[in-house]
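Asker: Below is the structure, and that's it, no one-letter string:
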């Protein structure tokens, strides 16, 4: 560290090249990168959001949040709280059609990128 | 779809599923974040505590001027503008009550009645306006600017009297000299 100058961010040491060669991006990571780079992830996100709004899923989740906030006192809720409140019900209550549509699109994307 | 939940998932399907779950987690986080914001900002009108807060606030606005909750109550009710309370908790009467001095005739006028006063003041003060002869810019005003001003300030020039059309607001000419009345250089 240069004397008189403090690092403003605690930065982990830059991984050296040797480490990189051992750690290849996992398949999932590689797919993720491809999704983001091609813009497909954004499109999928938009599609999912749209479908969830249409089918009323979003309103259901908002109602859950509201009830929770009312119970706990509106100034006592944190985002984490709400996420934990919604997630189980949220995952379970996605309509099958929505899930199928999204899965279909993801699958066709995977096939088109010819990654396994 | 026959290939749904029954068969063991192929690696690709598993990948797709985990991908879908990630997207779903994002969507969940979105909703949670928005609801958190609504809760903390008190935008959810149907909450019981809020209703009470609203009622208190409405009563306060009607009474006109209780200054206990300038910030908190207002967050709940931003749309009720004409409730008559501003951000400092003050109420204002519908008609402005301040008394200002007319820059044309120099008379004290109630601010809420200023516009009508000005209408009359500038319209009827024709005789008073000829007093521009006394100001330093008089010659310029009456002969050249007068005509130009007459065309631009047409509401006032019912007659084509150029002399009275000079700078109602004191804008174009020097501030002291415009308006052309007895109290030109006074204040």
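Answerer: Nice, I can see it. Note that the coordinates shown come from a computational prediction; the quantities given were computed from them, not determined experimentally.

Asker: So is the helix or strand hosting residue B:16 next to chain A?
Answerer: Under the criterion of DSSP states H and E, residue B:16 resides in helix B:11-41. Yes: using C-beta under 8 Å from any C-beta of the partner chain, helix B:11-41 reaches chain A at B:11-13, B:15-36, B:38-40. Yep, even glycine has a C-beta here, placed from its N, CA and C like the rest.

Asker: just the residues of chain A that are near chain B, which are they?
Answerer: For chain A, the residues in contact with chain B (C-beta under 8 Å from any C-beta) are A:27-28, A:31-32, A:35, A:41, A:44-45, A:48-49, A:52, A:58, A:61-62, A:65-66, A:69-70, A:74-75, A:77-79, A:82-83, A:85-87, A:90-91, A:94, A:99-100, A:102-103, A:106-107, A:110-111, A:116.

Asker: How many residues are close by residue 97?
Answerer: No chain in the question, so chain A it is. Residues lying near residue A:97 (other C-beta atoms under 10 Å in any protein chain shown) number 10.

Asker: let's do chain B instead
Answerer: Residue B:97: 10 surrounding residues under other C-beta under 10 Å.

Asker: Now do the SS call for it.
Answerer: Assigned with DSSP: H, G, I helix; E, B strand; the rest coil, residue B:97 falls in the coil class.

Asker: from what I can see it touches residue B:110, true?
Answerer: Yes: between residue B:97 and residue B:110 there is a contact under C-beta atoms under 8 Å: 6.7 Å.

Asker: Residue A:102 versus the residue nearest to the spatial centre of chain A, what's the distance?
Answerer: Closest to where the C-alpha atoms of chain A average out (C-alpha atoms, centre = their mean) is residue A:45, at 9.1 Å. Separation of residue A:45 from residue A:102 (C-beta to C-beta, to the nearest Å) stands at 10 Å.

Asker: Residues that sit against both of the two, list them.
Answerer: Common neighbours of residue A:45 and residue A:102, using C-beta atoms under 8 Å, 6 or more residues apart in numbering or on different chains, are residue B:23.

Asker: quick one: low-confidence parts of chain B?
Answerer: B:1-8, B:46-51, B:64-83, B:125-187 (pLDDT under 70).

Asker: so where's chain A shaky on pLDDT?
Answerer: Filtered on pLDDT under 70, chain A yields the residue ranges A:1-8, A:17-23, A:114-116.
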